[in-house]
Every structure is written in structure tokens, then in C-alpha cells.
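# Below are the sequence and a predicted model; questions follow.
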Amino acid sequence: MERVVLAMAVNRAEQRAATRRALLAEGQRRFAADGYHKVVLAEVARAAGVTKGAAYYHFDSKAGLFRAVVAELQQELGERVATAAERHGDLWEQLRAGCRAFLAAGTDPAVRQIVLVDAPTVLGWDEWRTMDEESSARHLADALTALVAAGIIAGQPVEPLARLLSGAMNEAALWIARGGDPQAAEQALDRLLSGLRTPD
């Protein structure tokens, strides 16, 4: 009997997880294609093959679903940045590769519409910045801290430098997303970063 009850509990947990995944996937698709304000939660639920009640159970509201989608995309973006950086042993090349990976995200329609365009206004600037800092911005601050400690960048407070670079890269990623030349953005980024290096 205990095995049956345990199996039923596991099965329900798996069903809830599958429902949540389906809602997140459909929510991301809709938010990326239509923008936050045109999405209707009941339509997301219907397309995901679940009830409207299930959508409210997992996310409370359209804003709750959007917040979860943003968090998932931010985490994926942070992982992309970290993976690109980790391909290099040299600290300076890690910074360049991570920054380039972030800029490249501007060509991803979901990142562009959800993370860069809608999230700051829908969630509010403070919440959006907190989510950004927990993902890709944290990697940037860590990289700059290591570079300052190694003397590759002149000693200075890292937080304002990280915020300046993060803001510049967010703007550049938006510019790329709206049709700007990714190669030109990368060249500008390299010139910007090279100005931070201490003379050899």
C-alpha cells in the first residue's frame, strides 16, 4: 500500500512538473512573438494543453508566468556567458568571450523581446536589475574582480565599472536586436575593453 501511495505522489509531482514546463515553454514562445501586453494567460494554458486553473495554480497570474520566464531566460543567458568564458584559460580572453556571448544574445528573439524590451518595464527596473545581477551581470563582476586582482585592469572599485559595462552591453544588445551590425558592436566592445587594460 505504501508503494502505491508513493508511486501516486511521484506521478502527481511529475505531472505538476510537466505542466509547469509546458506553461513556461508556451509562455516564452508567446511573450517572444507577441510581447507581454498582447499575451492572454488563458490562451497560453489552452495552447499548452492545460486548464486555466492549472496556469493560475503554478503562476498566480500572467505577470507571475512572465517573471518565471524571465528568470529562466536570465539563467540560460548567464550559463551561455559562463560557458563562453570558460573556454579560455586567460583572464582577459575570458572577459572578452563572456561579453561577446552576451552581445550575441541580442540576435535571439526571446532574449530581445522578453529580457531586454519587456522585462524592465513589466517587472520594474529594480527587480529586473536584481535578476540580471544574479545571472550574467554576476559573471561580469567576478571577471572584473579577477582582472583587478591580477593587475590586468588598474585597481578600482569593481561595482561601478561592472554597472557601466553592463549598461553599455545591454544597450548594444538592444541595438543588435533592432538590426545593428553585430560585428561592429564587437569591434566597439573590444576598443572599449582595451581602454581598461593596464599598459604591459
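Perfect, I can see it now.

# From now on I want contacts and neighbour counts done on CA atoms only, so please keep to that.
OK.

# In this protein, what residue spans correspond to helices?
In the chain, the helices defined using DSSP state H lie at 2-34, 41-48, 52-59, 62-86, 91-104, 109-110, 119-123, 125-133, 136-149, 158-177, 182-194.

# show me the contacts for the residue minimising distance to the centre of the chain.
Centroid-nearest residue in the chain, with C-alpha atoms, centre = their mean: residue 74, separated by 2.0 Å. By C-alpha atoms under 8 Å, 6 or more residues apart in numbering, the residues touching residue 74 are 115, 131-132, 135-136.

# quick one on the thing from earlier: mean pLDDT for the helices of the chain: which is lowest?
Comparing mean pLDDT across those, the weakest is helix 2-34, with a mean of 79.

# Which secondary structure elements does that helix sit against?
Using 3 or more C-alpha pairs under 8 Å, 6 or more residues apart in numbering; DSSP states H and E, the elements in contact with helix 2-34 are helix 41-48, helix 52-59, helix 62-86, helix 109-110.

# got the buried residues for the second one?
With burial defined by 16 or more other C-alpha atoms under 10 Å, the residues of helix 52-59 counted as buried are 54-56, 59.

# Could you dump those residues into JSON lines with distance to residue 41 added?
Compiled in JSON lines, the buried residues of helix 52-59 are given as follows (distance: C-alpha to C-alpha, whole Å):
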{"residue": "54", "distance to residue 41": "11"}
{"residue": "55", "distance to residue 41": "7"}
{"residue": "56", "distance to residue 41": "9"}
{"residue": "59", "distance to residue 41": "10"}
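
# how many other residues sit next to residue 12?
Residue 12 is flanked by 12 other residues according to other C-alpha atoms under 10 Å.

# Wait, residue 170 touches residue 116, no?
Yes - counting by C-alpha atoms under 8 Å, residue 116 is a contact partner of residue 170 at 7.3 Å.

# What lies in contact with stretch 19-27?
With C-alpha under 8 Å, 6+ apart, stretch 19-27 has contacts from 44-45, 47-48, 50, 54-55, 58, 65-66, 68-69.

# For PyMOL, write a command that selects the buried ones of those residues.
Remark: buried members of those, expressed as a PyMOL selection using 16+ other C-alpha under 10 Å:
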select buried, resi 44+45+48+50+54+55+65+66+68+69
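
# Name the nearest of the contacts of stretch 19-27 relative to residue 81.
residue 69 (18.4 Å; C-alpha to C-alpha).

# mind checking how far the closest residue to residue 91 other than its chain neighbours is from residue 97?
Sequence neighbours aside, residue 147 is the residue nearest to residue 91 in space, at 6.6 Å (criterion: C-alpha to C-alpha, 6 or more residues apart in numbering). Between residue 147 and residue 97 the computed distance is 14 Å (C-alpha to C-alpha, to the nearest Å).
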